[in-house]
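# using only what follows, build the 3D model:
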Amino acid sequence: MKIPINNNLYINFEELEFSAIRAQGAGGQNVNKVSSAIHLRWDIKSSSIPDFYKQKLLAVKDNRLTTNGELIIKAQTHRTQARNRDDATNRLKAFVQNAIKTQKKRIKTNPTLGSKKRRLDNKKRNQQKKSLRGKVQF
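Coordinates of the predicted model:
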């Protein structure tokens, strides 16, 4: 089974390692008894995605990335393991999509005539205001 990221990039489900742990926080008896939270581990360096994408993913500054190139996602918002597993895979998908997104090249623009006039008018107004602050001559 594969997780689709975009039209030409997939993550093999076999590369992901899921482990069930007990969730943190309030929740009473259910939280204390049931291991419903999920730790998702994905080793980016040994994954089957192309090297170009690996470099982009490893360059991201994120607390979930370890120095070994492993991505760890903890999902514990839902009451069941299945929903937490789905949540973790969705967050993995979002992380990869954000990391491989290419930034648009910025096109330099010149200031408009109106903005130039407004800037000069503002400068003249400030100049007059400050000239009134000088010494008064009789």
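
# report the buried residues of stretch 5-18.
5, 11, 15-16 (16 or more other Cβ atoms under 10 Å). No exception for glycine: its C-beta is placed from N, CA and C like everyone else's.

# contact partners of the helix-or-strand element of the chain with minimal mean pLDDT?
Lowest mean confidence among the helices and strands of the chain (mean pLDDT, DSSP states H and E): helix 29-33, at a mean of 77. Residues outside helix 29-33 that contact it (Cβ atoms under 8 Å, 6 or more residues apart in numbering): 22-25, 36, 79.

# and if we set it to 6 Å?
By Cβ atoms under 6 Å, 6 or more residues apart in numbering, the residues outside helix 29-33 that reach it are residue 23.

# which residues does whichever helix or strand comes after that helix contact?
As assigned by DSSP states H and E, the chain's next helix or strand after helix 29-33 is strand 37-43. For strand 37-43, contacts defined as Cβ under 6 Å, 6+ apart pick out 16-19, 21, 23, 70-76, 84-85, 88.

# how about a cut-off of 10 Å?
Residues from elsewhere that reach strand 37-43 (Cβ atoms under 10 Å, 6 or more residues apart in numbering): 11, 15-25, 31, 57, 64, 66, 68-78, 81-89, 91-92, 95-96.

# sorry, back to before: just the buried residues of stretch 5-18 now: which is nearest residue 132?
residue 5 (63.2 Å; Cβ to Cβ).

# any idea how far that closest one is from residue 88?
Going from residue 5 to residue 88 by Cβ to Cβ, to the nearest Å gives 15 Å.

# before we move on, what about residue 66?
Distance from residue 66 to residue 88, by Cβ to Cβ: 16 Å.

# repeat that for residue 59.
Residue 59 sits 22 Å away from residue 88, going by Cβ to Cβ.

# ok, now residue 21?
Residue 21 is 12 Å from residue 88, by Cβ to Cβ.

# done for today, thanks.
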